[in-house]
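J.: The following block contains a protein sequence and its predicted model.
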Amino acid sequence: MSAEYLVNGSVAVITLNNPPVNGLGLETRTAAVAGIRRAQADDAVKAIVITGAGKAFSGGADIKEFNSPKALTEPSLHSLIQVAESSTKPVVAAIHTVCMGGGLELALGCNYRVAMPGAQIALPEVKLGLLPGAGGTQRLPRVVGLEMALNMIVSGTPVPSEKFAGTALFDEVFASDANLIDSAVAFASKVADVRPLPRVRDRKVNYPNHEAFLQFSRNTVKAMSGAFPAPLECVETVAASVTRKFEDGIKFERERFLHLIQTPESKSLRHAFFAERLASKIPDVPADTPTREIKQAAIIGAGTMGGGIAMNFVNAGIPVILLETKQEALDKGIATIRKNYENTMKKGKLTPEKFEQRVGLISGTLNYADIAQADIVVEAVFEDMGVKESVFKQLDAVMKPGAILASNTSTLDVNKIADFTGRPQDVVGTHFFSPANVMKLLEIVRGAKTSKDVLATTLALSKKLRKTGVVSGVCDGFIGNRMIEQYSRQAGFLLEEGCLPEQVDKAVEKFGFAMGPFRMGDLAGNDIGWYIRKRRYVESPEITYSKTADLLCEMGRYGQKTSAGWYDYKAGDRKAYASKDVNDMIVKHSADIGVERRKISDEEIVERLVYSLVNEGARILEEGIAMRASDIDMVYLTGYGFPVFRGGPMFYADTVGLANVLMAMEKYAKGRHGNAWTPAPLMVRLAAEGKGFNS
């Protein structure tokens with residue numbers, strides 16, 4: 001059932017019931033309209049209360065209906081609001097827990113609003129590249145004032161109900177121990193005979209010198225919104241609440257909403273929104289799969305990675321034992337974690353009590369026997385199979401039955417690692433991204449023998465650690481690093497053919513990447529890639545690389561940690577400065593291998609880097625390493641700084657059109673290292689069918 005109807009004395013109570021957040025989908029809208037009309041027709045009913053079942057009043061429009069026939073099917077959200085607003089009997093919105101988006105717009109269409117304290121109130125549409133499209137930009141300023149409404153709509157940030165004291169948004173906020181329905185029915189009975197019925201649309205927005213405030217807002221929002229058009233459109237539609245009549249403002253809002261819904265930025269943000277939710281759904285692992293309890297964690301290795309991983313567990317309230325081979329390394333690791341928390345405390349983002357609590361959850365040991373009772377152990381040692389073998393054999397010997405044995409490997413074979421133990425079903429890859437306490441992505445690598453409950457537990461844990469967990473199958477580099485290798489190869493070839501690091505980085509950063517490939521290499525450490533290439537030269541001699549990166553490492557330029565990488569760095573300054581030594585080395589290398597350097601456009605740089613990701617992503621999909629194209633996009637949006645407003649590499653390729661991507665690849669296949677552009681069969685097939693990866 002999508003809405004329940006019952007009469008309490010002389011008050012009809014309509015309860016929206018569409019779990020989990022009472023989204024205003026077609027069935028719910030239809031049932032709510034029917035409920036209001038039924039109450040209107042019943043002489044015994046003097047007033048109407050609308051509320052929500054479960055843990056929300058309403059989370060807003062059902063975005064699964066966007067761009068679908070249901071979204072346009074009557075009664076629309078506009079029609080439902082109109083029915084509530086034009087009721088001849090007072091309609092009271094009884095708000096609790098969550099009232100957002102279309103849910104708040106519905107409440108604003110009611111004659112009165114009452115609420116429980118702590119209810120989260122928001123118009124978050126801007127986060128999907130949209131603006132409130134059912135009167136929110138016109139009605140909210142009329143009850144909370146121009147400034148507060150503008151801040152809420154441009155940021156999309158939730159505000160607790162009690163913060164609206166002194167505004168006309170709520171006619172009453174009940175005590176925290178009140179019964180919402182009883183209190184709302186009593187309120188409705190009290191106002192049942194009051195006429196004329198108050199309507200938000202009839203109020204005026206009064207703001208002295210609003211022109212100056214709006215211009216200041218435009219300038220500020222324009223400077224901060226970057227590539228996203230929605231925030232500025234929000235300012236313009238809210239401005240209409242002061243400068244236009246209500247009906248004209250509503251028309252303008254609708255026009256701007258329909259414009260935004262077609263923009264690539266909004267399509268990308270909506271794709272990312274759904275992709276994040278889809279990532280946790282594994283077809284052969286039912287949602288009700290039992291999970292293992294995680295009350296204690298252990299981390300092997302207290303270096304940068306191990307320390308960052310430990311902080312994730314501690315931040316989630318899970319005690320951690322750090323294991324190291326030498327006391328000095330252990331002390332240094334714990335001191336670094338402590339310093340990180342001290343810095344957070346200095347910035348005012350952590351209270352002294354929370355600081356003590358977190359630091360108190362960390363202990364250290366040099367002895368494997370001390371971690372035996374941990375529920376999960378994450379290995380974060382050097383990326384070398386021999387080292388991993390030694391660690392996993394020791395873990396197998398000491399860990400209690402049922403403990404999850406996780407490896408933070410970024411490229412190595414998780415099946416091989418699992419086979420070092422007598423319990424491969426308990427082994428899983430948990431590839432955290434550096435810095436591990438900041439980056440959102442957790443690549444969860446499912447081994448051939450990883451049990452379903454281990455997978456379900458690790459996915460649930462990723463949410464607890466506030467990570468986006470994406471499942472990958474086993475292959476060299478998994479999803480993210482396997483693709484980035486092709487991207488890095490192209491970046492190297494571009495250097496040989498005529499580019500310098502700063503040109504390549506600037507071109508992709510202008511496209512929207514957080515960081516270009518060479519700045520990224522300097523941050524991660526160029527020696528890591530060097531180590532992987534040395535392994536590749538032995539295992540996969542058919543793969544060609546530019547020698548520039550090896551020459552750089554031979555110069556001892558490993559990146560920021562050595563104050564010299566592709567760029568020069570100054571003490572205490574992370575800014576990348578172009579390096580004459582490096583640029584001279586690149587130009588000389590081109591001459592040494594007999595390549596005549598040429599002028600390369602930014603368009604070519606971006607296409608070669610991005611399409612190399614796409615082509616490898618298509619192979620990963622075809623091989624079943626990734627379950628869906630949107631999972632690949634999630635990996636790149638949350639772990640590699642791919643521009644969110646472009647939706648991820650696979651979604652971006654769909655936007656460009658796979659036939660156009662193939663055409664560009666054919667052109668590059670005629671150039672140097674053309675064999676790197678052999679198209680993935682899946683891409684050829686989808687392009688021929690006129691489909692995309694996300695079709």
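T.: Everything's here; your move.
J.: Residue 302: what's it in contact with?
T.: Residue 302 makes contacts with 310, 322-324, 329-330, 332-334, 364, as judged by C-beta atoms under 8 Å, 6 or more residues apart in numbering. No exception for glycine: its C-beta is placed from N, CA and C like everyone else's.
J.: what separates the closest residue to residue 467 other than its chain neighbours from residue 190, distance-wise?
T.: The shortest distance from residue 467 to any non-neighbouring residue, by C-beta to C-beta, 6 or more residues apart in numbering, is to residue 442 (4.0 Å). Between residue 442 and residue 190 the computed distance is 52 Å (C-beta to C-beta, to the nearest Å).
J.: related to what we said a few turns ago, which among the contacts of residue 302 count as buried?
T.: Using 16 or more other C-beta atoms under 10 Å as the burial test, these include 310, 322-324, 329-330, 333-334, 364 as buried.
J.: Farthest-apart pair in these, please.
T.: Greatest spacing in those, by C-beta to C-beta: 310 and 329 (13.6 Å).
J.: ok so, going back, can I assume the residue nearest to residue 467 sits in a strand?
T.: Yes: according to DSSP: H, G, I helix; E, B strand; the rest coil, the state of residue 442 is that of a strand.
J.: Bridging across strands, which residues link to it?
T.: Assessed by DSSP bridges, residue 442 has beta-bridge partners residue 432, residue 469.
J.: what's the pLDDT at it?
T.: According to the prediction, residue 442 has pLDDT 97.
J.: wait, what's in contact with it?
T.: 430-433, 462, 465, 467-470.
J.: and what of residue 425?
T.: Contact analysis of residue 425 by C-beta under 8 Å, 6+ apart lists 449-451, 454.
J.: so which of those residues comes closest to residue 407?
T.: The shortest approach to residue 407 among the contacts of residue 425 belongs to residue 450, at 11.2 Å (C-beta to C-beta).
J.: Show the backbone phi and psi for the closest one.
T.: According to degrees, to the nearest 10, the main-chain angles of residue 450 amount to phi -60, psi 130.
J.: ok, what's across the strand from the residue lying closest to it once chain neighbours are set aside?
T.: Closest residue to residue 450 apart from its sequence neighbours, by C-beta to C-beta, 6+ apart: residue 428 at 5.1 Å. Beta bridges link residue 428 to residue 406, judged by DSSP bridges.
J.: low-scoring stretches of the stretch 451-600 of the chain, by residue?
T.: Within the stretch 451-600 of the chain, no range satisfies pLDDT under 70.
J.: and residue 23, backbone torsions?
T.: phi -60, psi 140.
J.: Now do the contacts for it.
T.: 58-64.
J.: Check those against residue 437 and report the nearest one.
T.: residue 59 (29.8 Å).
J.: Any figure for the gap between the closest one and residue 264?
T.: 25 Å.
J.: returning to what we had before: neighbours of the residue nearest to residue 450, just the number please.
T.: 25 (other C-beta atoms under 10 Å).
J.: what's the answer for residue 631, then?
T.: Neighbour count for residue 631, taken as other C-beta under 10 Å: 23.
J.: So what touches the strand or helix carrying residue 92?
T.: Secondary structure from DSSP states H and E places residue 92 in strand 91-95. Strand 91-95 is contacted from outside by 36, 47-51, 57, 84-85, 99, 106-107, 110-116, 119, 121, 161, 170, 180-181, 183-184, 187-188, 191, using C-beta under 8 Å, 6+ apart.
J.: For the chain, which residues score under the pLDDT cut-off?
T.: Low-confidence segments of the chain, defined by pLDDT under 70: 1, 63, 66-67.
J.: can you pull the buried residues of stretch 617-624?
T.: Here stretch 617-624 shows 617-621 as buried, counting by 16+ other C-beta under 10 Å.
J.: So the chain: which segments form each domain?
T.: Following automatic domain parsing, the chain resolves into domains at 3-261, 297-472, 480-605+623-648.
J.: wait, which of those is closest to residue 282?
T.: Comparing these by C-beta to C-beta, domain 297-472 comes nearest, at 6.1 Å.
J.: gap between the two ends of the closest one?
T.: End-to-end span of domain 297-472 (C-alpha to C-alpha, to the nearest Å): 23 Å.
J.: Report the strands that pair with the strand holding residue 92, each with its relative direction.
T.: strand 47-52 (parallel), strand 112-115 (parallel).
J.: Next secondary structure after the first one?
T.: Downstream of strand 47-52, the first helix or strand assigned by DSSP H and E is helix 69-72.
J.: Identify all contacting residues around that next one.
T.: By C-beta under 8 Å, 6+ apart, helix 69-72 touches 25-26, 65.
J.: Quick one, which of the contacts of strand 91-95 are buried?
T.: 36, 47-51, 57, 84-85, 99, 106-107, 110-116, 119, 121, 161, 170, 180-181, 183-184, 187-188, 191.
J.: my guess is residue 45 contacts residue 12, does it?
T.: Yes: Residue 45 lies in contact with residue 12 (C-beta atoms under 8 Å); the separation is 4.7 Å.
J.: ok, the two, which is more surrounded?
T.: Neighbours around residue 45 and residue 12, counted as other C-beta under 10 Å, are more numerous at residue 12. The numbers are 26 against 18.
J.: since we're on the nearest residue to the more buried one once chain neighbours are set aside, how many residues are nearby?
T.: Spatial nearest neighbour of residue 12, excluding adjacent residues (C-beta to C-beta, 6+ apart): residue 39 at 3.7 Å. For residue 39, the count of nearby residues is 23 (other C-beta under 10 Å).
J.: next one: residue 675
T.: Neighbourhood size, residue 675 [other C-beta under 10 Å]: 8.
J.: measure it to residue 623 for me?
T.: Remark: distance between residue 675 and residue 623 (C-beta to C-beta) = 19 Å.
J.: and if you look at residue 690?
T.: Distance, residue 690 to residue 623, using C-beta to C-beta: 24 Å.
J.: before we move on, the earlier item: roughly how far is the strand holding residue 92 from the heart of the chain?
T.: Using C-alpha atoms, centre = their mean, to the nearest Å, the mean C-alpha position of strand 91-95 is found 33 Å from that of the whole chain.
J.: Using PDB, write out every CA atom in it.
T.: Coordinates of each C-alpha in strand 91-95 appear next as PDB, following Å, rounded to 0.1, in the frame of the first residue of the first chain:
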ATOM      1  CA  VAL A  91      -4.400  20.400   5.500                       C
ATOM      2  CA  VAL A  92      -1.700  19.900   8.100                       C
ATOM      3  CA  ALA A  93       1.700  18.300   7.300                       C
ATOM      4  CA  ALA A  94       2.900  16.400  10.300                       C
ATOM      5  CA  ILE A  95       6.700  16.100   9.800                       C
END
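J.: one step back: contacting residues for the residue nearest to residue 450?
T.: Per C-beta under 8 Å, 6+ apart, neighbours of residue 428: 404-407, 414, 444-447, 450, 454-455, 458.
J.: ok, 6 Å please
T.: Taking C-beta atoms under 6 Å, 6 or more residues apart in numbering, we find residue 428 in contact with 406, 450, 454, 458.
J.: same check, this time on residue 6
T.: residue 13.
J.: repeat for residue 84
T.: 91, 109-110.
J.: how about those in CSV, adding distance to residue 582?
T.: Conversion of the contacts of residue 84 to CSV gives the following (distance: C-beta to C-beta, whole Å):
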residue, distance to residue 582
91, 69
109, 62
110, 65
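J.: of the residues you listed, closest to residue 502?
T.: residue 109 (54.4 Å).
J.: gap between residue 433 and residue 24?
T.: 37 Å.
J.: Dump the helix or strand hosting residue 535 to PDB, keeping only the CA atoms.
T.: Residue 535 belongs to helix 526-539 when assigned by DSSP H and E. Presented in PDB, the C-alpha positions along helix 526-539 are these (Å, rounded to 0.1, in the frame of the first residue of the first chain):
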ATOM      1  CA  ASN A 526      57.000   6.900  -9.100                       C
ATOM      2  CA  ASP A 527      59.000   4.000  -7.700                       C
ATOM      3  CA  ILE A 528      55.800   2.000  -7.200                       C
ATOM      4  CA  GLY A 529      55.000   2.100 -10.900                       C
ATOM      5  CA  TRP A 530      58.700   1.300 -11.600                       C
ATOM      6  CA  TYR A 531      58.500  -1.800  -9.400                       C
ATOM      7  CA  ILE A 532      55.300  -2.900 -11.300                       C
ATOM      8  CA  ARG A 533      56.900  -2.300 -14.700                       C
ATOM      9  CA  LYS A 534      60.000  -4.400 -13.800                       C
ATOM     10  CA  ARG A 535      57.600  -7.200 -13.000                       C
ATOM     11  CA  ARG A 536      55.800  -6.700 -16.300                       C
ATOM     12  CA  TYR A 537      59.000  -6.800 -18.300                       C
ATOM     13  CA  VAL A 538      59.400 -10.400 -17.100                       C
ATOM     14  CA  GLU A 539      55.800 -11.600 -17.000                       C
END
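J.: Having no further points to raise, I will conclude here.
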